[in-house]
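Peer 1: predicted coordinates and the sequence they were generated for:
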Amino acid sequence: MKVGRRVLATLFAAAIAAAPFAAQQAVGQGKAPVVKYKIVDEDSIPESLTGKPGDPEKGKKWAIAGRLGHCIACHVMPVDQPYMGEVGPSLVGVASRYEAGQLRMLIVNPKVINEDTMMPAFYKADGFHRVRKAFVGTTMLSAQQVEDIVAYLMTLKEEEKD
């Protein structure tokens with residue numbers, strides 16, 4: 001049976017998207033209690049989870065790192081890396097399309113906006129089924145890592161055309 005390239009890419013991206021949870025939890029990320037946050041207008045978390053700005057350089061590292069956010073597994077990004085995914089929308093120029101609070105919401109729990117999305121909730125610690133005991137109550141990313149990724153994504157603006 002022949003399987004199309006897009007189907008294989010989708011299956012690969014889904015497997016990669018699930019992989020960071022196990023790998024990242026193995027290094028002890030997301031063990032702190034989940035910070036309370038307020039959702040505004042059903043699609044935004046305008047306030048920082050940490051009360052301080054994120055570090056865009058670290059955010060870029062988390063977005064590319066295979067053991068953490070690994071955004072590159074599902075999204076095209078403006079970085080020099082092979083094997084970018086095409087399952088999710090391109091992140092090229094994403095800061096020109098979204099505000100920081102909207103990006104934070106999409107990272108924290110995109111299912112609040114679209115319950116059918118394949119994108120995992122990177123800052124959610126409950127509501128899962130069949131979770132290994134060691135991972136109960138943990139998140140895929142820490143609050144600071146979420147803020148770092150938001151800071152990085154906010155640097156990705158469309159270039160003005162003359």
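Peer 2: Yep, it's here. Quick caveat, the model's predicted, so the values are computed rather than measured.
Peer 1: pretty sure residue 92 sits against residue 78.
Peer 2: Yes. Counting by CB atoms under 8 Å, a contact exists between residue 92 and residue 78, whose distance comes to 5.0 Å. For the C-beta atoms, the positions are set from N, CA and C on the backbone; glycine is no exception.
Peer 1: list the contacts for the residue positioned nearest the centre of the chain?
Peer 2: Here the mean C-alpha position of the chain is nearest to the C-alpha of residue 107 (CA atoms, centre = their mean), at a distance of 4.3 Å. Contacts for residue 107 were tallied using CB atoms under 8 Å, 6 or more residues apart in numbering; they are 69, 122-123, 141, 146, 149-150.
Peer 1: that older thread, list residues touching both of residue 92 and residue 78?
Peer 2: The contact sets of residue 92 and residue 78 overlap at residue 156 (CB under 8 Å, 6+ apart).
Peer 1: isn't there a helix covering the residue nearest to the centre of the chain?
Peer 2: Yes. Assessed by DSSP: H, G, I helix; E, B strand; the rest coil, residue 107 belongs to a helix.
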